[in-house]
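>>> Curious how this folds, go ahead:
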Amino acid sequence: MPDNASSFNSNEYDSHITSVLPYYREYCGQIIDLVNATEKKDINWLDTGCGTGTLPLRVLAERDDVKFTLCDPSGKMLEEAKQKLHGRAIDFINKSSQELDFESEFDVVTAVQCHHYLHPEERRVAVTNCYNALRDGGVFVAFENVKMTTDESEKIALQRWAKYQADHGRSEEEIKEHLGRRGVNMFPVTVEEHIKLLREVGFKSVDILWTAYLQAGIWAIK
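This next block holds a predicted model:
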């Protein structure tokens with residue numbers, strides 16, 4: 001079993017994830033571009049479900065006015081992030097999104113590929129905690145696996161995703177095992193359901209940032 005909720009152990013996550021998630025590196029680029037467009041300065045940024053710290057590493061390569069707090073329920077993932085970000089002034093916290101207790105502290109909160117592991121009530125708690133952690137006018141960005149709106153479209157989307165993985169070196173058994181995690185280890189919702197939840201939690205605007213295959217990025221303003 002992996003040492004975290006994903007398909008890969010923390011020490012191999014970075015080298016394997018692009019064989020599973022199309023355009024994985026694009027997630028960070030889209031988030032950075034969006035945050036830059038807000039023209040926020042001296043940003044206090046919470047990255048929950050931070051994994052190995054890829055997003056903050058990319059951000060800090062471009063900006064020196066960001067203070068990061070990184071949270072993840074996997075201690076092994078946090079250790080990888082600490083090594084990757086060694087020497088930087090970053091707070092590391094071994095907590096899941098459902099355990100966050102921040103109140104109006106952050107300008108930006110990101111949750112990349114982490115909330116689709118949550119059951120509906122856990123997801124609501126996690127998103128509420130992210131909302132509470134933001135200051136008024138703060139930006140929330142989530143990237144995660146999503147579900148299609150019908151069984152027919154879900155089947156087609158899964159076929160596309162399976163072909164992507166095969167084209168990137170994964171075996172038929174590995175692909176079957178990974179796709180079999182849907183509804184068992186991960187619980188994706190449709191884009192419409194995600195948007196509805198964010199609005200119910202209290203965000204004043206909720207919009208689609210980016211989509212490809214069975215992944216989507218959604219952003220919201222408090």
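>>> For Gln215, name its beta-bridge partners.
Residues in a beta bridge with Gln215, per DSSP bridges, are Asn145, Ala212.
>>> That one against Pro22, yeah?
Yes. Between Gln215 and Pro22 there is a contact at 7.1 Å, judged by C-beta atoms under 8 Å. Where C-beta positions appear, they are placed from N, C-alpha and C, glycine not excepted.
>>> check contacts around Asp14.
Thr52, Thr54, Glu80 (C-beta atoms under 8 Å, 6 or more residues apart in numbering).
>>> Would you check how far apart Val20 and Leu214 are?
11 Å (C-beta to C-beta, to the nearest Å).
>>> now His194
For His194 relative to Leu214 (C-beta to C-beta), the value is 13 Å.
>>> which neighbours do the two share?
Val146.
>>> Show me the strands in this structure, by range?
43-48, 66-71, 91-93, 106-112, 134-145, 205-212, 215-221 (DSSP state E).
>>> quick check: longest helix of the chain.
helix 151-167 (DSSP state H).
>>> buried ones in that helix?
Of the residues in helix 151-167, Glu154, Leu158, Trp161, Ala162, Tyr164, Gln165 count as buried by neighbour count, 16 or more other C-beta atoms under 10 Å.
>>> Gly138: neighbouring residues, count only.
25 (other C-beta atoms under 10 Å).
>>> no wait, Lys176
12.
>>> Could I get the pLDDT score of it?
At Lys176, the model reports a pLDDT of 95.
>>> Check the one 3 residues further on too.
The predicted local distance difference test score for Leu179 is 93.
>>> and it, what is it in contact with?
Leu158, Trp161, Ala162.
>>> distance between the helix or strand bottoming out on mean pLDDT in the chain and the chain's centre?
Least confident helix or strand of the chain, by mean pLDDT, DSSP states H and E, is helix 13-16 with a mean of 74. How far helix 13-16 lies from its chain's middle: 15 Å, per C-alpha atoms, centre = their mean, to the nearest Å.
>>> Next: stretch 181-198.
On C-alpha atoms, centre = their mean, the centre of stretch 181-198 falls 13 Å from that of its chain.
>>> For Tyr131, give me its contacts.
By C-beta under 8 Å, 6+ apart, the contact set of Tyr131 is Phe140, Val201, Gly202, Phe203, Lys222.
>>> What subset of these is buried?
Buried among those by 16+ other C-beta under 10 Å: Phe140, Val201, Phe203, Lys222.
>>> give me the low-pLDDT residue ranges for this protein?
Applying pLDDT under 70 to the chain picks out residues 1, 6-7, 9.
>>> what residue lies at the spatial centre of it?
Against the mean C-alpha coordinate of the chain, by C-alpha atoms, centre = their mean, the closest residue is Val112 at 1.0 Å.
>>> is it true that that residue touches Phe140?
No. Shown here, Val112 and Phe140 do not form a contact pair, counting by C-beta under 8 Å, at 11.6 Å.
>>> before we move on, back to that, with distance to Arg58 as new columns, can the strands of the chain be given to me in JSON lines?
JSON lines is the format used below for these (distance: least, C-beta to C-beta, whole Å):
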{"stretch": "strand 43-48", "distance to Arg58": "11"}
{"stretch": "strand 66-71", "distance to Arg58": "11"}
{"stretch": "strand 91-93", "distance to Arg58": "17"}
{"stretch": "strand 106-112", "distance to Arg58": "11"}
{"stretch": "strand 134-145", "distance to Arg58": "13"}
{"stretch": "strand 205-212", "distance to Arg58": "15"}
{"stretch": "strand 215-221", "distance to Arg58": "15"}
